[in-house]
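Peer 1: this one's sequence-less:
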C-alpha cells in the first residue's frame, strides 16, 4: 500500500482542490437526490445518510475511488498507456447521461483550473491526449495528486469526503435540513467514507463492481423532472 503521509504543501493543495470553492461546479449536482426527495424516497437526515452511504459503498463512490487509485498509480509510474485506459474506462463506467455530465464537466473544469494554478508538464500532456475525449473527475484528481507528490491514501480520503460533503449539502437544500443536521449527517458518514477508502486501496480495479440501481433510476428520472434546481 502506498504511504499515507502528506507534506504541508501537499495538504494545502489537496484541501484547495477538493474544497467547495474550487471552480468545478460541484454545488450544481445532486447525484439523483433531487428526484429521490421529489419521490419521497429521501425525506429526512437518516434517509439522506442511507442514500449517500449506498453511493459510496456500492455506487459511483466505489467506482470513482477505484478509478482514482488506478489513475494515481499509472501517473506515478508515468505509464501513459495505462492512464489512458483508465480514463477510457472511467468515461464508459457511467449509468446515466447525467452521471456522464457530472463526471466529465467537473473533470474538465478541475483539469483547467489545476493546470492554470498548479502547472505541471504531466497535466499538460494528459490534457493534450484527452482533448477530444471525456476526462472523469476522479481520474484527473488521481493524476494531479500523483504528479504533485500527494500520497494515495489521503488523496482518496479527501476525494470521498468531498463527494459526501457535496451530497450532504445538496440534501440540506432539498429536504431541507438545518446546518446542525447536515453536520450530523457528515459525522454519520465518517465510518462509511473510511470503509470506502480502505476498500478502494485494497481492491484491484478489475475486481470492482457496483450495485446501486435505485440511484441510477433516480438519476434517469431526474433527466425529465419538471422542476429542477440541480444538473443531476
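Peer 2: Okay, I see it. Computed from a predicted structure; not experimentally measured.
Peer 1: neighbours of residue 224, how many?
Peer 2: 8 (other C-beta atoms under 10 Å). For every residue, glycine as well, the C-beta is placed using N, CA and C.
Peer 1: which SS class is it?
Peer 2: Here residue 224 is recorded as coil under DSSP: H, G, I helix; E, B strand; the rest coil.
Peer 1: quick one: it from residue 27, how far?
Peer 2: Distance, residue 224 to residue 27, using C-beta to C-beta, to the nearest Å: 22 Å.
Peer 1: and residue 52, by the same measure?
Peer 2: 16 Å.
Peer 1: okay, those two: which has more neighbours?
Peer 2: Shown here are residue 52 and residue 27; by other C-beta under 10 Å, residue 52 has more neighbours (30 against 14).
Peer 1: distance of the closest residue to that one other than its chain neighbours from residue 216?
Peer 2: Spatially, and ignoring its direct neighbours in sequence, residue 52 is nearest to residue 167 (4.9 Å; C-beta to C-beta, 6 or more residues apart in numbering). In this view, residue 167 and residue 216 are 15 Å apart by C-beta to C-beta.
Peer 1: neighbour count for the two, which is higher?
Peer 2: residue 167 (25 against 18).
Peer 1: hmm, back to that, my read: the residue nearest to residue 52 touches residue 27, true?
Peer 2: No. The criterion here is C-beta atoms under 8 Å, and residue 167 misses it with residue 27 at 10.9 Å.
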